[in-house]
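Student: any chance you could fold what I've pasted below:
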Amino acid sequence: MRLIKLAQQGDEMAKSTILAENMPLIKSIIRRYRNTVIEYDDLIQLGSYGLYKAMMNFNPDFGVRFSTYAVPMISGEIKRQIRDDGPVKVSRSTKTLALLINKFTDTFRGENGREPTIDEIAEHFKIDPYEVVFTMDSTHMPVSLYEKFDDDSGAYLIDNIKTVDKTEDLIDRIMLKDLIQNLDERDKKIILLRYYRDKTQSEVAEILGVSQVQVSRLESKILSFLKTKLTT
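Tutor: Numbering: from 1, shown residues only. A predicted model of the protein is given here:
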């Protein structure tokens, strides 16, 4: 608080010290936005600006720790910039993995007469099943919005799409991926089976060897946790 008071009075050394002390916090937040249109160095700058705004506006009467107050300020600054710059990109590594998965799926289908399961794909590539789901989901992209669909009129696909800003949803998807990956194995498996494998609670209960009531209770708890994290 002494440093924050000095910073609010214009002490440049105090500002620099607070920034340096909180750089790990900034870096932990910008990890969520690494696959966006904004470069890493720019994310650091945006995060630093968000922290600066937090230190200049913080008041101990808020009744929260400075870091708690700073997190939404840092995240908000990045989100605003992403909304201005455009949609989230899919990373090159994710695109490459998606191509390999598609190739494996085609080969598997030809040899076995059916689609491979998520677990079979994960086992083949030695990755987490959730990573398979995220990769396949994130690369389900349409053709370019600037692809002509009518050569006679010269109209583009984007001309026939209603203007709805989905950037916030894409940002939340990135944050959701990180949150799910940090769940314990049981909770992660429940979410994966229920929302990415379309299993019923009874089917999940049978897989996990627990009761359907227990799955229902755990699912509600997990969803409440994820919702809280995404909205704070």
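
Student: can you give me the strands for the protein?
Tutor: Applying DSSP state E to the chain gives strands spanning 148-150, 155-156.

Student: which residue ranges form the helices in the protein?
Tutor: Assigned by DSSP state H, the chain shows helices spanning 2-8, 12-21, 23-30, 40-57, 66-85, 92-112, 118-125, 129-138, 167-181, 185-191, 201-208, 212-230.

Student: quick one: average pLDDT of the first one?
Tutor: Model confidence over helix 2-8, given as mean pLDDT, is 92.

Student: circling back to that earlier point, could you tell me the least trusted of the strands of the chain?
Tutor: strand 148-150 (a mean of 45).

Student: pick the most deeply packed of the helices of the chain.
Tutor: Most buried of those by mean neighbour count (mean count of other CB atoms under 10 Å) is helix 129-138; its value is a mean of 19. Every residue, glycine included, has its C-beta placed from N, CA and C.

Student: quick check: the nearest residue to residue 133 once chain neighbours are set aside vs residue 204, distance?
Tutor: By the measure of CB to CB, 6 or more residues apart in numbering, the closest residue to residue 133 outside its immediate chain neighbours is residue 196, 4.3 Å from it. For residue 196, the distance to residue 204 (CB to CB, to the nearest Å) stands at 12 Å.

Student: pLDDT below threshold where in the chain?
Tutor: 34-37, 83-92, 130, 134, 137-175, 230-232 (pLDDT under 70).

Student: quick one: contacts for residue 121?
Tutor: Listed by CB atoms under 8 Å, 6 or more residues apart in numbering, the contact partners of residue 121 are 101, 104-105, 129, 132.

Student: give me the domain ranges for the chain.
Tutor: 2-85, 87-155, 165-232 (automatic domain parsing).
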